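1. when you get a sec, could you give me coordinates for this:
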Amino acid sequence: MPELMQFKLTLRKSHIKYKLLPLSHHRRHFPPSGVKFEASCGSGAFVTYIDNMNRLRLTEFLKLNPSARPGDFIIFRRDPMTGMWDIRLRKSERQTQLAPVREEKVTRRSGPRDLTHEVIQESIVKLAEYYNMTAESEYRGEIGVYDVVWRRVLTGNPVKVFEVQHRGSLDSAFVKLKHAYDVWNARLFLITTSAADNRKAHQLLAGSFHEMRDYTLIVNGWDVLDWSSAKERFRKLDIALKR
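-> The predicted structure follows:
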């Protein structure tokens, strides 16, 4: 039985710029130059060919993988039974850890309330009841006090932990949140009240604290107030719909 053909090549800046990937000693496994063949990838199928300088045309592949960056890998696998190629992009470890995070702008909104630490805490506590959670503000943990925690039952561990970044150290807030995840496996929320803190928080989450990205959400403080107000405004409708 034929063996599975598999290898990987590293993408360089020039490969992406010119949309051509030299195949080196792997060239012998592909069709003759100029002969188009179909390949699959994680996001679909595409048609490509090898030019007369033994380079794989990447035009269609890069269209299906717009996130490709220098340092990423292209993984090649050929089915031994059908001869079909599966060609996929794999992000490098560094790209995965330090990929830029889309920032949300924090803007001042008109309204009867000021965006203060206490007002945001109050809104988060009120929101808990809509999600069948028990909320507690100023919850004392092993390494500090958390602004708000939510628990499913009164005697249980926190399952959602909120830190309101109004003033003070962002690094300290991230350290407390990371500890909350390590101890309780909680979902983490950092609420920011200024554009500067929002921007720095995203930078930290993409850099020094990149291991927290999958379970940490950075939220605009005004969005918390808006959501709390909306839930209160439509409280009766919400209750009626749940019956």
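
2. tell me how far Arg152 lies from Pro158.
-> According to C-beta to C-beta, to the nearest Å, Arg152 stands 9 Å off from Pro158. (Glycine included, C-beta is placed from N, CA and C.)

3. look at those two and report which has more neighbours.
-> Pro158 (24 against 13; other C-beta atoms under 10 Å).

4. can you tell me the element the nearest residue to the more buried one once chain neighbours are set aside falls in?
-> When the adjacent residues along the chain are set aside, Pro158 lies closest to Val149, with 3.7 Å between them (C-beta to C-beta, 6 or more residues apart in numbering). Using DSSP states H and E, Val149 sits in strand 145-151.

5. in that strand, what's buried?
-> Within strand 145-151, the residues that count as buried by 16 or more other C-beta atoms under 10 Å are Tyr146, Asp147, Val148, Val149, Trp150, Arg151.

6. wait, doesn't the fourth one sit right on Gly156?
-> In other words, Val149. No: counting by C-beta atoms under 8 Å, Val149 does not reach Gly156; the two are 10.4 Å apart.

7. need the helix or strand of this structure with the lowest average pLDDT.
-> Here the helix or strand of the chain ranked lowest by mean pLDDT, DSSP states H and E is helix 93-98, holding a mean of 51.

8. mind putting the buried residues of strand 145-151 into CSV with pLDDT?
-> Formatted as CSV, the buried residues of strand 145-151 follow (pLDDT from 0 to 100):
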residue, pLDDT
Tyr146, 94
Asp147, 94
Val148, 95
Val149, 96
Trp150, 95
Arg151, 94
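
9. ok, the closest residue in space to Ser92 that isn't next to it in sequence to Ala186 distance?
-> Leaving aside its chain neighbours, Ser92 sits nearest to Gly71 (4.5 Å; criterion: C-beta to C-beta, 6+ apart). Between Gly71 and Ala186 the distance is 33 Å, computed by C-beta to C-beta.

10. cool, Asp51 as well?
-> In terms of C-beta to C-beta, Asp51 sits 53 Å off from Ala186.

11. those two: which has the busier surroundings?
-> Ala186 (22 against 11).

12. pretty sure that one sits against Lys160.
-> Yes: with contact defined as C-beta under 8 Å, Ala186 reaches Lys160; the gap is 6.0 Å.

13. tell me, what's touching the two both at once?
-> Val149 (C-beta atoms under 8 Å, 6 or more residues apart in numbering).

14. buried ones in the one helix or strand Glu232 maps to, by neighbour count?
-> For Glu232, the host element (DSSP H and E) is helix 221-233. Buried positions in helix 221-233, judged by neighbour count with 16+ other C-beta under 10 Å: Gly221, Trp222, Val224, Leu225, Ser228, Lys231.

15. so what's Arg152 scoring on pLDDT?
-> Arg152 is assigned 92 on the pLDDT scale.

16. let me see the domain layout of this protein.
-> Residue ranges for the domains of the chain, per automatic domain parsing: 5-97, 117-242.

17. can you give me the helices for this structure?
-> Applying DSSP state H to the chain gives helices spanning 13-18, 59-64, 93-98, 117-128, 170-184, 195-206, 221-233, 235-242.
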